[in-house]
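# Predicted model and sequence follow; I will ask about them next.
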Amino acid sequence: MTATSDTGIGTGTTSTPGTAAVPPPGPPNDMTAHQKKRLRVRLGHRRLLTRRDRITLGLMAGVPTILHVALVWLTALASIALAFTTWDGIGFDSITWVGLQNFRELFTSNPQFWPAVEHNVIWFVVLILIPTPFGLFLAVQLDKKIRFSRVYQTAFFLPVVVSMAVIGFVWQLVYNPDTGLINSLIGANEPGHYIDWIGDPDLNLWAILIAASWRHTGYMMILYLAGLKGVDPSLREATALDGANEWQTFKNVIFPTLRPTNTVVLVVTIIEALRAFDLVFVFNKGAQGTELLSILVTNNIIGESSRIGYGSAIAVVLLVISLAVIIPYLIATFRKERRA
Amino acid sequence: MHYPSLGWPMPAPSRRTVLRGVGGAAVLGAGMPLLSACAGSGTAADPKTVTLGSNASDAVPKKAFAEIYAAFKKQSGITVDVNTKDHNTFQEQINSYLQGTPDDVFNWFAGYRMQFFAGKGLASPIDDVWQTIGGNFPDAMKALSKGADGKYYFVPISTSLWGVFYRKSVFQQYGYEVPTTWDQLVALCKQMKKDKLVPLAFGDKDAWPALGTFDQINFRTNGYDFHVELMAGKASWTDAKVRKTFDHWAEILPYHQDGAVGRTWQDAAQTLVSKKAGMYLFGSFVAQQFTNQADLDDLDFFAFPEIDPAYGQDTVEAPTDGFMLSKAPKNKASAVKLLEFLGTPEAEQIYLKSDPSLVAASNKADTSSYTALQKKAYATISGAKHLTQFMDRDSRPDFTSTVMQPALQKFVRDPKGVDSLLASIERQKKTIFASS
């Protein structure tokens, strides 16, 4: 998404604005003061855009564009091309075209692929169903200007400031089956009634999702808090005058006005679910029960004898899923802008 | 990707921190090798300097190697310019590193992993070096140092050893005997369970320790030759022989520590240190977890018990580390001199003085300063008929990391669905070994 907007700006600014619109400078004798002022502005424009300025502008817009195209678009396209090959990463002559074989193998014989897709979906569903409403709830409470509001805000927002990897380390200490907080408290680190939070595939995904939700709640809270600050106070007054209770006010007035925020929240949550990686990688490297597409890509591409073609095929699947989500969003957004 | 750093295991955070960066880039980028190939730069070809890419980033081996290079300089007047990289990062970037501008000499591992890069033309053969140092090594080590083309590519320096580790005091306290056969091992496990001990400590969170368990049971059940064929992708994973290996494993799995997939090997080792566990099938570097000298003196091991009398205990898993020469060294003459020096017993002794959890690869090295544990490890290795490396060094690393590691974690968690698991391994193996 950032990609398209960046290139848009990039190509747009390379042309020098204002040069074509300047009329031939006539004799300034019969001009009003206003016209004189406008002319000065125009001449100023002209003077500002010397050859050097144009080069500077060209570089400022061009260099990021080139970097962007080379590092984002070319690599993405290269990934797509490589998805139809096998390549161990050694020398370009070892790239072999294999057509759809990587995908066939991925869909039929990779035991981790479908769990990974499923987990990415679960990740999204859980984030949208649990921390998002909870974040909204907290935001509504904090918006009431209760006492110590700032303290609560800080407490809930703190996890968002911390890097995902650090969160992974912290929660590992909580979940460690032998010495972790939970098992030590409830005595579940003894043989016989042992709870393996990190290794048990029925538990570990949910354990990680709690950590992810812990962070996501704060994130959502801040977004909704910003949205709530934008709600016109006169609306509240009007509902109060009409005698609506708190729930009715929220349901019928406040929530509908949060529509733009909801869109942002939805997009942010989808992105969070698709890019989920660091937390899991730190937690148990995407072992049994916590497989994710991003981790499969990494596992196949990084290493001493990499399966770059195969890893790229997984990356392409991730890309397709991302596009399937992003394109409808962009279409909807642009349509709205055009209407406005 | 995350291969066991058998020689000197790294603390996890550093690897993860680095990987995060690399991993993020790889999701989008199609691993452009040239971008990341910014390794050591031996720009000026100074005839008195050899550059060396080192994965010895841990304090103990780093210091040990520095002492070797100092001794080399004293002897030859040639400086070794060491470019040290984090141990696991070195492994992850080895591909692009060797294709870029690698150092003249670099640290690497014996076995398939060495042969792979030799086969790709990313290392120079060093038969001339071996003419000088050949007498210092037993035949098993010579075989380990050769590429698939029969030329030498590798100078071994140190070896760790896999066995069943235990505490002498615990065995004394309960009157246990060291088991030499499978039945004795199973009986001992039962007894330990009765005595409220965890019979076999186990931690497979990093996914590679289970590979070692498989290796032991497989070459004891089916012999060295079959194990090698299986690792090379020639034998089938659906073979009844492999099934038998897993049956044996399933038999002792209930005696393993609960919840292995959630536990690191370090935590598992701690249960042996604290005498809660009776035994631990692991590499000799488990000794690094015994920080108290009295505990370390109490540590002992035995070779994995015999399963099939036809093979006895003839095979020992002994992953070996050493050095290779890059494809186009800037200062070949000096690099050869360095490799010759590294192949001498003196160099190994300097190393082992600083890192007593390993043993020398050379049979000429002076063993008099060895600890009792090192002496026993040395004796076990020199008495072995066959040496294996470790599954991810004996087979394609892409196969072991993307297929075997998750598969064995699955088996350890739920040993029931073996047949479908093996069928899945075989299916994936075929495509991986068919490519390139």
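Happy to help now that I have it.

# mind listing what residue A:221 touches?
Remark: with contacts taken as C-beta atoms under 8 Å, 6 or more residues apart in numbering or on different chains, residue A:221 is in contact with A:135-136, A:138-139, A:142, A:153, A:156-157. To be clear about C-beta, it is placed using only N, CA and C from the backbone, and glycine gets the same treatment.

# Where do the helices of the stretch 1-150 of chain B begin and end?
Read by DSSP state H, counting those that start in this stretch, the stretch 1-150 of chain B holds these helices, from start to end of the chain: B:12-28, B:33-36, B:59-76, B:87-92, B:94-99, B:112-119, B:127-133, B:139-144.

# How about the stretch 201-340 of chain A?
In order along the chain, the stretch 201-340 of chain A carries the following helices (DSSP H, counting those that start in this stretch): A:204-229, A:233-242, A:246-249, A:255-257, A:259-275, A:278-284, A:293-301, A:308-339.

# Show the average pLDDT along the fifth one.
When pLDDT is averaged along helix A:259-275, the result is 89.

# Ok, the second one next?
For helix A:233-242, mean pLDDT is 86.

# Can you mark which positions in it are buried?
residue A:239 (16 or more other C-beta atoms under 10 Å in any protein chain shown).

# thinking again about what came up before, redo the helices of the stretch 1-150 of chain B as TSV? Include mean pLDDT and mean neighbour count.
Conversion of those to TSV gives the following (pLDDT from 0 to 100; neighbours: other C-beta atoms under 10 Å in any protein chain shown):
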stretch	mean pLDDT	mean neighbour count
helix B:12-28	38	18
helix B:33-36	40	15
helix B:59-76	89	17
helix B:87-92	83	24
helix B:94-99	86	24
helix B:112-119	88	22
helix B:127-133	92	17
helix B:139-144	84	17
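
# Name the nearest of the contacts of residue A:221 relative to chain B.
residue A:157 (23.0 Å; C-beta to the nearest C-beta).

# burial measure for the closest one, as a count.
Residue A:157 is surrounded by 17 other residues when neighbours are defined as other C-beta atoms under 10 Å in any protein chain shown.

# cool, the one 4 residues further on as well?
Using other C-beta under 10 Å, the number of residues around residue A:161 comes to 10.

# Can you tell me how far it is from residue A:245?
Here the criterion is C-beta to C-beta, to the nearest Å. By it, residue A:161 lies 36 Å from residue A:245.

# I figured residue B:120 hits residue A:93, correct?
No - using C-beta atoms under 8 Å as the test, residue B:120 is too far from residue A:93 to be in contact (10.9 Å).

# relative to helix A:204-229, how tilted is the strand or helix carrying residue A:158?
Using DSSP states H and E, the element containing residue A:158 is helix A:149-161. The directions of helix A:149-161 and helix A:204-229 differ by 130 degrees, with axes from the mean of the first three to the mean of the last three C-alpha atoms, to 10 degrees as the criterion.

# List the buried residues of helix A:149-161.
Of the residues in helix A:149-161, those buried (16+ other C-beta under 10 Å) are A:153, A:156-157, A:159-160.

# Point out where the chain drops to low pLDDT.
Unless you meant another one, I'm taking chain A. Applying pLDDT under 70 to chain A flags the ranges A:1-48, A:305, A:340.

# Sorry, I should have been clearer: chain B.
B:1-45, B:435-436.

# Nearest residue to the middle of chain B?
With distances taken as C-alpha atoms, centre = their mean, chain B has residue B:319 as the residue nearest its mean C-alpha position (3.7 Å).

# let me redo that: chain A
Relative to the mean C-alpha position of chain A, the nearest C-alpha, by C-alpha atoms, centre = their mean, is the one of residue A:271, at 4.0 Å.

# Give me the distance between it and residue A:219.
Computed with C-beta to C-beta, the distance linking residue A:271 and residue A:219 is 11 Å.

# Quick check: the residue of the stretch 101-250 of chain B nearest chain A.
For the stretch 101-250 of chain B, the nearest residue to chain A under the criterion C-beta to the nearest C-beta is residue B:120, separated by 5.0 Å.

# Please report phi then psi for residue B:93.
Recorded main-chain torsions at residue B:93 are phi -100, psi 10, according to degrees, to the nearest 10.

# quick revisit: what packs against the helix holding residue A:158?
Helices and strands touching helix A:149-161, by 3 or more C-beta pairs under 8 Å, 6 or more residues apart in numbering or on different chains; DSSP states H and E, are helix A:131-143, helix A:204-229.

# Scan chain B for its longest helix.
Ranked by residue count and defined by DSSP state H, the top helix of chain B is helix B:209-231.

# Help me confirm that residue B:282 is found in a helix?
No - the assignment for residue B:282 (DSSP: H, G, I helix; E, B strand; the rest coil) gives strand, which keeps it out of a helix.

# Looking at the helices of the stretch 201-340 of chain A, which one is packed in the most?
For the helices of the stretch 201-340 of chain A, ranked by mean neighbour count under the definition mean count of other C-beta atoms under 10 Å in any protein chain shown, the leader is helix A:293-301 at a mean of 26.

# angle of that helix against helix A:259-275?
Angular relation of helix A:293-301 and helix A:259-275 on a 0 to 180 degree scale: 30 degrees, by the same axes, to 10 degrees.

# near chain A, anything from stretch B:242-254?
No - counting by C-beta under 8 Å from any C-beta of the partner chain, no contacts exist between stretch B:242-254 and chain A, the nearest distance being 10.9 Å.

# hmm, who's touching that stretch?
Defining contact as C-beta under 8 Å, 6+ apart, one finds that stretch B:242-254 is touched by B:182, B:185-186, B:189, B:200, B:213-214, B:217-218, B:221-222, B:230, B:235-236, B:307, B:411-412, B:415, B:418-419, B:422.

# Determine how far that stretch lies from the middle of the whole chain.
Centre-to-centre, stretch B:242-254 and its host chain are 23 Å apart (C-alpha atoms, centre = their mean, to the nearest Å).

# ditto for stretch A:126-134
Per C-alpha atoms, centre = their mean, the displacement of stretch A:126-134 from the mean C-alpha position of its chain is 16 Å.

# Show me which residues of it are buried.
For stretch A:126-134, the neighbour count (16+ other C-beta under 10 Å) marks A:126-128, A:130-132, A:134 as buried.
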